[in-house]
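Asks: any chance you can model this:
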Amino acid sequence: MPMLVDATVEASKAWNTWSNRPAELVFLPLGVRLTPVLFSSRAAKATTIRPGADLLLGRHGLDGEAIEFETRHGGSRLSFAYRKADPYIVTGRWTALDLAEWGLRYWVSLCLSAESGATVRYDAAEGATVVEVGTRFVALVTRDRPVQVTAHADVAALVADFDAHGYFYKGSRGTEAPALALRFELEMAHDGAFAAAVADSAALAIAKAKAALADPAPEPALPAQTGRYAGALDAVRDVMAWNTLRDTDSRRNFTATSRMWDLGGFAVWFNDQTYAALMTNVFDRAAGYENMAAAMASATPQGNFTCLLSTTDQWVDRSQAPNGAFMAWMMYLRTRERSGLDFVYEPLARNQRWWREHRDPTRLGLVSCGTSDVGDGMYKGLHFGARNETGMDNSATHDEAVYDPETRTLSTLDVGLNAVLALDAQMLALIARELGRDAEAAEFEALAASSRDLIRTELWNEARGLFANRQRTGGFVRSVGPTSFYPLLCGAATPEQAKRLLAHLDDPESFGGDWIIPNASRDDPAYKDNVYWRGRIWPNVNYFLWHALRAAGFEDEAGTFARKSFQLFEKSWAEQRIVAENYNAETGEAMDQGDTDPFYSWGAMLPLLGVAEVMDFNPWGGWEVRNTGEPVRLGPVESPVGPVELRVEDGVLTLRSASRIRLETDLVGRLSHLTLEPNFVSLRLHPASGAQETARLALPDIAPDRLVAARMGGRDLAPLEGQPFLAFDLSGAAAGERLDIHLTPLA
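Replies: Sure thing, here's the model as predicted:
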């Protein structure tokens, strides 16, 4: 029996868009592919619907439960939709929206094939196309009878047949081949429907497919966000789902930087992969840890993470800014999966130590970018290779840096790199404490404190009132970027320094303005270049800066920053479905120049801020929910108590899990450090300024007789009387007060 392509993939994910053809459905365990192929006589060519400007990617559930897209070929526009109510059954339909030629000459083909090369057979009596892989059968049935069935060696041969012979050709007819194409023309099949099913007999697979075709799956309820920041969660969902692919070289599933790129195979940038882990973890903890595993796989024997690991190259001589522990800790706060911390701790700890050993040649306690004498990666031993370690490859902050071949480092101390290294040590200390590794936690706490002190004193430019890169043996460089704010993220800035930094954030001559935040200050000559890191806006930087503001306690400023970031995202997403790698800081446009990608994974970090403004998990506030009084519905999303949905209706926030209302409050403001355990509920209260006179909090699924004790701000708190469930009066609660509720154990 042929080996399964993937014997471990969850059944719910088995049918999905795993391949580099976005329109192609793959049943991953068997490697069976269902590929739409379009042929236009007007264009005189066929297409498998490849990534590009002619493809508009629509809704996509992470499990493939709903997939939608539009495509244009030969001037004609078609829409496709796939649904999956059963893990082993998928249904689909297409509709011609606009035809640029006579439908008789425009073909839609459904091609069934298997990676094993198994023979596909068409049964005219049953109206079914069937392939057997091992002991399993996959059957494809269509609502309408195809005009003809053609036989080919593979999908590429079908495309070549169309390109060579056009639409009016019978020479490739056949009923058995490694790939069979069911051909429909749009004169008679302006719209079409099909179903494919998997079973352990051909008859059963055909029967299941026919039943699904006759009774299509109901519309699935995908994770979504309405009301405040409407569509933010939807966007993160769609970007993550469309970019989740099968890495055939390493036989694993991962979320790519962009399915629009073609680098000759898989490519993993370390930080990109940890960002994908964080975002897929919002919906699916297993997918999150698959992506984190892909990131950890880039660890080297030397101790660093490989900057880029691809089919064609390995940049083992350099790393990327150490953001992995930050992402891993936030994932843990969301899922409370200690096994995830166990998995990442050792390589993350080695990476922290590697930076301090290999990128601090004069033992200042601050690091520089570099490129070690290992491997043969492109740009090894060059100025550009060293710059790759910040990820901000052509940033003007590197312009005055000199590459020293003796130390293999740049001459400048990078403020952003040192700030995230301090944050990484801080997060590693939290992880080590959680894992009971107290001695190592103390080690990383000391490293974080030392870095903070040095950043505060050595990288603060008093004359300009901000943090900046400086020469190891000299003064500050001229150009600054948003990383000047990163010391807020690790707690390095004094209150006075933080106040002066905020002035730059508001200044339209510096980093302020309608579209934020440019990756060169607006008064820098490099800003006008508008090329990559010279002036454009980068979503991952916005995400980190929002956290920096939150970490420093600038809640109002963070809220404004999130709103502007989401407006930037919406400008290109709402109608064009573009989620860009970077954006124009003058106009907010995404595709105004060629050095950006239209469907980049980390672009979803902009709408992720819209999600975080409603519910988030972070080191500063733990599990947080926010009630502004405006209507909102968010979810379901992962949480420590399983999938939850948050709603605000008529000013009342409710948190539901498993059809139970776990918490309800009309407090306007924020709840942080939320803990919902069987015998203990805890949170901190942050009422909005000028809050309402009265406020209450209820636990609707907990009976009053289970209360042992409740304390708010260190004083006893009695429950409200006459309620069938626990409820408390929060009137007069001070900002930051903690509410602890102890309960009797459940039987």
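Asks: now the strand or helix carrying residue 350: average pLDDT?
Replies: Residue 350 belongs to helix 338-358 when assigned by DSSP states H and E. Over the span of helix 338-358, the pLDDT mean works out to 98.
Asks: what does it rub up against?
Replies: Helix 338-358 has contacts (Cβ atoms under 8 Å, 6 or more residues apart in numbering) with 289, 292-293, 296, 299, 302-305, 319, 322, 324-325, 328, 331-332, 367, 370, 372, 421, 424-425, 428, 431-432, 434-435, 437, 440, 444, 447. C-beta: built from backbone N, CA, C; applies to glycine.
Asks: now, the residues you listed that are in helices?
Replies: Within the contacts of helix 338-358, residues falling in helices by DSSP state H are 289, 292-293, 296, 324-325, 328, 331-332, 421, 424-425, 428, 431-432, 434, 440, 444, 447.
Asks: which phi and psi does residue 637 have?
Replies: phi -130, psi 160 (degrees, to the nearest 10).
Asks: what's the local residue count around it?
Replies: 23 (other Cβ atoms under 10 Å).
Asks: show me what it is bridged to.
Replies: For residue 637, the beta-bridge partners are residue 644 (DSSP bridges).
Asks: so who does it touch?
Replies: Contact partners of residue 637, counting by Cβ under 8 Å, 6+ apart, are 223, 233, 282-283, 611, 615, 643-645.
Asks: pick out whichever of those sits closest to residue 635.
Replies: Relative to residue 635, the closest of the contacts of residue 637 is residue 645; by Cβ to Cβ it sits at 3.3 Å.
Asks: can you list the weak-confidence ranges in this structure?
Replies: 1-3, 262-265, 691 (pLDDT under 70).
Asks: can you turn the buried part of the contacts of helix 338-358 into a ChimeraX selection?
Replies: To isolate the buried members of the contacts of helix 338-358 in ChimeraX, using 16 or more other Cβ atoms under 10 Å:
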select :289,292,293,296,299,302,303,304,305,319,322,324,325,328,331,332,367,370,372,421,424,425,428,431,432,434,437,440,444,447
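Asks: can you list the buried residues in the helix holding residue 350?
Replies: For helix 338-358, a neighbour-count test (16+ other Cβ under 10 Å) marks 340-341, 343-345, 347-356, 358 as buried.
Asks: so which of the residues you listed is the closest to residue 4?
Replies: Distances from residue 4 to the buried residues of helix 338-358, taken by Cβ to Cβ, are shortest for residue 343, at 24.6 Å.
Asks: please tell me how far that closest one sits from residue 435.
Replies: According to Cβ to Cβ, to the nearest Å, residue 343 stands 11 Å off from residue 435.
Asks: do the same with residue 472
Replies: From residue 472 over to residue 435 the distance is 35 Å, taken as Cβ to Cβ.
Asks: farthest-apart pair in the contacts of residue 637, please.
Replies: Going by Cβ to Cβ, the pair spanning those furthest: 611 and 643, at 14.5 Å.
Asks: neighbour count: the two, which is higher?
Replies: residue 611 (26 against 15).
Asks: surely that one and residue 233 touch.
Replies: Yes - under the criterion of Cβ atoms under 8 Å, residue 611 makes contact with residue 233 at 5.1 Å.
Asks: between those two, which contacts overlap?
Replies: 225, 282, 634, 637.
Asks: would you map the strands across the stretch 401-550 of the chain?
Replies: 403-404, 409-410, 412-413, 460-461, 466-467, 470-471 (DSSP state E, counting those that start in this stretch).
Asks: now for these, which one comes closest to residue 486?
Replies: Across the strands of the stretch 401-550 of the chain, residue 486 has its closest neighbour in strand 466-467 (7.5 Å, Cβ to Cβ).
Asks: and the closest one, which strands flank it?
Replies: When DSSP bridges is applied, strand 466-467 pairs with strand 460-461 (antiparallel).
Asks: who touches the partner strand?
Replies: 466-468, 470, 476, 497.
Asks: quick check, distance from that strand to the centre of its chain.
Replies: 34 Å (Cα atoms, centre = their mean, to the nearest Å).
Asks: pull the contacting residues for residue 336.
Replies: Taking Cβ under 8 Å, 6+ apart, one finds residue 640 in contact with residue 336.
Asks: for residue 329, see how far away it is.
Replies: 12 Å.
Asks: do residue 530 as well
Replies: Distance of residue 530 to residue 329, given as Cβ to Cβ: 35 Å.
Asks: and residue 522, by the same measure?
Replies: From residue 522 to residue 329 the distance is 34 Å (Cβ to Cβ).
Asks: same deal with residue 168?
Replies: 62 Å.
Asks: more neighbours, these two?
Replies: When residue 168 and residue 329 are compared for neighbours, residue 329 comes out ahead with 25 against 8, by other Cβ under 10 Å.
Asks: just checking, that one touches residue 429?
Replies: No - Residue 329 lies out of contact with residue 429 (Cβ under 8 Å); the separation is 10.0 Å.
Asks: noted, bye for now.
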